[in-house]
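Participant: Next one to model:
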Amino acid sequence: MNWLMVICGAIIGAPLRYMTDRAVQARHDTVFPWGTFAVNITACTGLGFITGAASAATVPDAIQHFIGPGLLATLSTYSTFSFETVRLTKTGARLIAAANIVVSVVAGLAAAILGGVMSDAWLG
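Facilitator: Now for the predicted structure:
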């Protein structure tokens, strides 16, 4: 049953990632990958929240699988982050590539922590 919940979440998360990435990137006239950054930070916040919620309250396994490895894991995209960083480097935007790495990792960790704190405040 849990594998089915992961698939159902992924059916929503993957196209949501693509559409959000395109919508955010279309609003920025820069080579920095804002769309990928936005979906990854959103997913980190959500995973922090669901992890905290699972610790603080009884969240059914099916819901955890639907939201965590289903929806949010397919919303985030490490491979696109990596590809875009390599592309920035190859096109000569090395400083932006380095900024993408540092800002994405630091902001992702901060977002995951914030999501956990938010779930503790809301459910604890």
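
Participant: Give the buried residues for the strand or helix carrying A38.
Facilitator: In this assignment (DSSP states H and E), A38 forms part of helix 34-56. Across helix 34-56, burial judged by 16 or more other CB atoms under 10 Å covers 34-54. From N, CA and C alone the C-beta is placed, and that goes for glycine too.

Participant: go on, stretch 1-20?
Facilitator: Under the neighbour-count criterion of 16+ other CB under 10 Å, stretch 1-20 has 5-6, 9-10, 13-14, 16-18, 20 buried.

Participant: now these in CSV, with secondary structure?
Facilitator: As requested, those are exported to CSV (DSSP: H, G, I helix; E, B strand; the rest coil):
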residue, secondary structure
M5, helix
V6, helix
G9, helix
A10, helix
G13, helix
A14, helix
L16, helix
R17, helix
Y18, helix
T20, helix
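
Participant: Format the residues you listed as a markdown table; extra columns: distance to N100.
Facilitator: A markdown table is the format used below for the buried residues of stretch 1-20 (distance: CB to CB, whole Å):
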| residue | distance to N100 |
| --- | --- |
| M5 | 32 |
| V6 | 29 |
| G9 | 27 |
| A10 | 25 |
| G13 | 22 |
| A14 | 22 |
| L16 | 22 |
| R17 | 17 |
| Y18 | 19 |
| T20 | 17 |
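
Participant: Run the chain-centre distance for the top helix by length along the chain.
Facilitator: Identified as the longest helix of the chain according to DSSP state H is helix 94-123. How far helix 94-123 lies from its chain's middle: 9 Å, per CA atoms, centre = their mean, to the nearest Å.

Participant: One more: stretch 74-92?
Facilitator: 14 Å.

Participant: For it, list the C-alpha coordinates in PDB.
Facilitator: The C-alpha trace of stretch 74-92 is given here as PDB (Å, rounded to 0.1, in the frame of the first residue of the first chain):
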ATOM      1  CA  THR A  74       9.500  14.500  -6.800                       C
ATOM      2  CA  LEU A  75       8.900  18.200  -6.300                       C
ATOM      3  CA  SER A  76      12.500  18.600  -5.400                       C
ATOM      4  CA  THR A  77      15.200  17.900  -8.000                       C
ATOM      5  CA  TYR A  78      18.800  17.300  -7.200                       C
ATOM      6  CA  SER A  79      19.600  16.200 -10.700                       C
ATOM      7  CA  THR A  80      18.300  19.400 -12.300                       C
ATOM      8  CA  PHE A  81      20.200  21.400  -9.600                       C
ATOM      9  CA  SER A  82      23.400  19.600 -10.600                       C
ATOM     10  CA  PHE A  83      22.800  19.900 -14.300                       C
ATOM     11  CA  GLU A  84      22.100  23.600 -14.000                       C
ATOM     12  CA  THR A  85      25.200  24.200 -11.900                       C
ATOM     13  CA  VAL A  86      27.400  22.400 -14.400                       C
ATOM     14  CA  ARG A  87      25.800  24.300 -17.300                       C
ATOM     15  CA  LEU A  88      26.500  27.600 -15.400                       C
ATOM     16  CA  THR A  89      30.100  26.600 -15.000                       C
ATOM     17  CA  LYS A  90      30.500  25.600 -18.700                       C
ATOM     18  CA  THR A  91      29.000  28.900 -19.900                       C
ATOM     19  CA  GLY A  92      31.500  30.900 -17.800                       C
END
